[in-house]
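S.K.: Starting from these lines, generate the structure:
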Amino acid sequence: MTAPPPDAPLILVGDDSEANCELLREQLGSLGFRSVAAHDGPSVLEATLFHRPQLVILDVAMPAGSLEVDDRGTGFEVCRRLKRDPRTARTPVIFITALNDTTDRVKAIEAGGDDFLAKPHNRLLLGARVRSLLKLKGATDALEDSFRRLRELERVRDDLMKMIVHDLKTPLTSILATLELLADGDLGPVGERQRGAIIDTQGKAEELLSLIDDLLEVRRIEETSMTLNVEEIDPRALLEELQREWTLRFQQEHTVATLDVADDTPRFRGDRGMLKRVFGNLIQNALVHSPHPIELSLVARRDTKGVRFTVTDTGPGIPPEYHDIIFRKFEQVRAANAPRVRTSGLGLTFCRLVVETHGGRIWVQSAEGKGSSFHFVLPLVPDSSKRPVGGTQ
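M.R.: This is a model prediction of the structure:
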C-alpha cells in the first residue's frame with residue numbers, strides 16, 4: 001500500500017485495542033490519511049495537543065487513568081475535555097463503538113461528538129464521514145480566520161477614528177468660541193448680513209461637534225464605560241422642551257412639528273441628556289434626508305413595557321430591506337429621491353446603543369416614498385441587566 005503524502009490530514013485513533021487501532025489505521029491509510037494512535041483517555045488528550053490532528057476517532061470504552069471516570073464512558077469524558085479546550089474545541093470527533101444503544105448516541109452528542117459509527121463499520125462509510133467532517137472543519141477554520149481578521153481591522157479602524165475625533169474636538173471648540181465672540185460683537189461691530197453668516201457657520205460647526213460627540217459616545221458605550229445620569233422624566237415636558245429647542249430650525253426648514261402625548265403616559269427614569277440626543281438624531285435625520293419640507297410628529301404613549309416614543313416624518317422613507325442595517329455602525333442608506341447628505345453613519349447606532357443601555361429597544365417602520373416612523377420603548381426604570389456589552393454588529 002502506498003504511504004499517504006506527508007501533507008495528508010492527520011487522524012488520531014483512540015482505542016485500547018491494538019488490533020482495532022491497526023485496522024483503523026490501515027483503513028485510513030488506504031483512504032489517503034495519515035494517522036497516530038493512543039490507547040487510554042489521558043494519552044488521547046496528550047496526543048491531541050502534541051500532534052494537533054485534523055480529526056479524532058474515539059472508542060467509548062477505554063482505560064480512564066487519571067480522568068477519574070468509569071472506563072465504560074472514558075471516550076465521552078475525553079470528548080468533553082477536547083471541546084472545552086480552546087486549542088482543540090474545533091477538532092471534529094467521531095465515536096466508533098460496539099455500543100449501539102440510543103442512550104450512548106445521546107451521550108455522544110451531549111459530549112460534543114460530531115459523528116457516531118457503530119462497530120463493525122464500513123470502510124467507505126468511514127472515509128465519507130471523515131472527509132465530510134474535514135471539509136466542514138476547513139470551512140469553519142476559514143470563517144474563524146476571516147472573522148478574526150475582520151475584528152482586527154475593526155479594532156484598528158476604531159482606534160484610528162478615536163484618535164482622529166479627539167484631535168478634531170479641540171480646534172473645533174476653539175472655532176466655536178471665536179464664532180460666538182464674533183456673533184456677539186466682542187471683536188468689533190458686524191453687520192446683519194455678516195452676523196447671519198456667522199450664526200449659520202456656528203450652527204454647522206455645532207452639528208460637526210455633535211457628530212464628534214456621537215463618535216466618542218458610541219466608543220464609550222461599546223467599551224461599557226458609559227454611566228447613565230438617571231432622573232425622573234415627564235414625557236410631555238421632555239417633548240415640549242425638544243419642540244422649543246428646535247423651533248428655530250423647524251422655521252428655517254419650513255417644518256410643521258406636532259406633539260401627541262397621551263394623558264396616561266407615565267413618568268419614567270432615564271438619562272435626559274442622552275435621550276434628548278436620541279431625539280435630536282432622529283429629528284436631524286428626518287430634516288436633512290428629505291428634499292422638501294416635511295411634517296414631523298413626536299408621540300408618547302404608555303406601553304406594556306414602559307413608555308413608547310415615536311418620531312414620524314413625511315420624508316422619502318426607507319426601503320424595508322434596510323430597516324435593520326441602518327442601526328449598524330457606519331451604515332448609511334439613501335433612498336432614490338433623497339438628497340445626498342454627508343453624515344458619519346453613527347447617528348442611529350448611537351440611538352440604538354443609548355436605548356439598549358436603558359434596557360429598551362428601537363426599530364423603524366417605513367416604506368420608500370411613504371415617510372418613516374422610528375419607535376423606541378423604554379422601561380419605567382433602566383434595566384442594567386440588558387445593557388449592551390462590547391457593541392454590536
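S.K.: show me what contacts Leu181?
M.R.: By C-beta atoms under 8 Å, 6 or more residues apart in numbering, the contact set of Leu181 is Leu187. Glycine gets a C-beta too; all of them are placed from N, C-alpha and C.
S.K.: For the protein, which segments are assigned as helices?
M.R.: Along the chain, counting by DSSP state H, helices occupy 18-30, 41-51, 74-84, 102-110, 123-184, 192-222, 235-245, 247-252, 272-288, 347-357.
S.K.: most packed of those helices?
M.R.: Of those, the one with the most neighbours on average (mean count of other C-beta atoms under 10 Å) is helix 347-357, at a mean of 24.
S.K.: by contact count, what packs against it?
M.R.: Applying 3 or more C-beta pairs under 8 Å, 6 or more residues apart in numbering; DSSP states H and E, we find helix 347-357 packed against helix 192-222, helix 272-288, strand 361-366, strand 372-378.
S.K.: could you say what helices and strands the helix or strand of the chain with the lowest mean pLDDT packs with?
M.R.: Counting by mean pLDDT, DSSP states H and E, the weakest-scoring helix or strand in the chain turns out to be helix 192-222, with a mean of 77. Helix 192-222 is packed against helix 123-184, helix 272-288, helix 347-357, with contacts defined by 3+ C-beta pairs under 8 Å, 6+ apart.
S.K.: starting at the chain centroid, how far to the longest one?
M.R.: Right, the one you point to is helix 123-184. A distance of 11 Å separates the centroid of the chain from that of helix 123-184, by C-alpha atoms, centre = their mean, to the nearest Å.
S.K.: okay, now the domains of this structure?
M.R.: Following automatic domain parsing, one gets these domains for the chain: 10-121, 150-222, 230-386.
S.K.: Where among those domains is average confidence lowest?
M.R.: With a mean of 78, domain 150-222 has the lowest mean pLDDT of those.
S.K.: about what we covered before: can you list the helices and strands packed on helix 192-222 in TSV and add distance to Ala47?
M.R.: Shown next, in TSV, are the helices and strands packed on helix 192-222 (distance: least, C-beta to C-beta, whole Å):
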stretch	distance to Ala47
helix 123-184	17
helix 272-288	55
helix 347-357	46
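S.K.: quick one: which of these is nearest Asp15?
M.R.: Closest to Asp15 of the helices and strands packed on helix 192-222, according to C-beta to C-beta: helix 123-184, at 13.3 Å.
S.K.: wait, what's in contact with the residue lying closest to Ala37 once chain neighbours are set aside?
M.R.: With C-beta to C-beta, 6 or more residues apart in numbering as the criterion, Ala37 has its nearest non-adjacent residue at 4.3 Å, and that residue is Cys21. Cys21 sits next to 13, 15, 37, 39 when contact means C-beta under 8 Å, 6+ apart.
S.K.: Quick check: beta-bridge partners of the third one?
M.R.: Here Ala37 sits in beta bridges with Val13, going by DSSP bridges.
S.K.: was I right about it contacting Ile11?
M.R.: No. Between Ala37 and Ile11 there is no contact under C-beta atoms under 8 Å: 9.7 Å.
S.K.: quick one, which of those two is more surrounded?
M.R.: A direct count of neighbours by other C-beta atoms under 10 Å for Ala37 and Ile11 places Ile11 higher, at 26 against 19.
S.K.: closest one to Val261 among the helices of the chain?
M.R.: Nearest to Val261, of the helices of the chain and by C-beta to C-beta, is helix 235-245 at 4.4 Å.
S.K.: For that closest one, list the C-alpha coordinates in CSV.
M.R.: This file holds the C-alpha atoms of helix 235-245, laid out as CSV (Å, rounded to 0.1, in the frame of the first residue of the first chain):
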residue,chain,number,x,y,z
PRO,A,235,-42.7,62.6,28.7
ARG,A,236,-44.8,65.6,27.9
ALA,A,237,-42.3,68.0,29.4
LEU,A,238,-39.5,66.3,27.6
LEU,A,239,-41.2,66.6,24.2
GLU,A,240,-42.2,70.2,24.8
GLU,A,241,-38.7,71.1,25.7
LEU,A,242,-37.4,69.5,22.5
GLN,A,243,-40.0,71.4,20.5
ARG,A,244,-38.9,74.7,22.0
GLU,A,245,-35.2,74.0,21.3
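S.K.: could you measure the nearest residue to Glu18 once chain neighbours are set aside against Gly112, distance?
M.R.: Closest residue to Glu18 apart from its sequence neighbours, by C-beta to C-beta, 6+ apart: His39 at 7.5 Å. According to C-beta to C-beta, to the nearest Å, His39 stands 22 Å off from Gly112.
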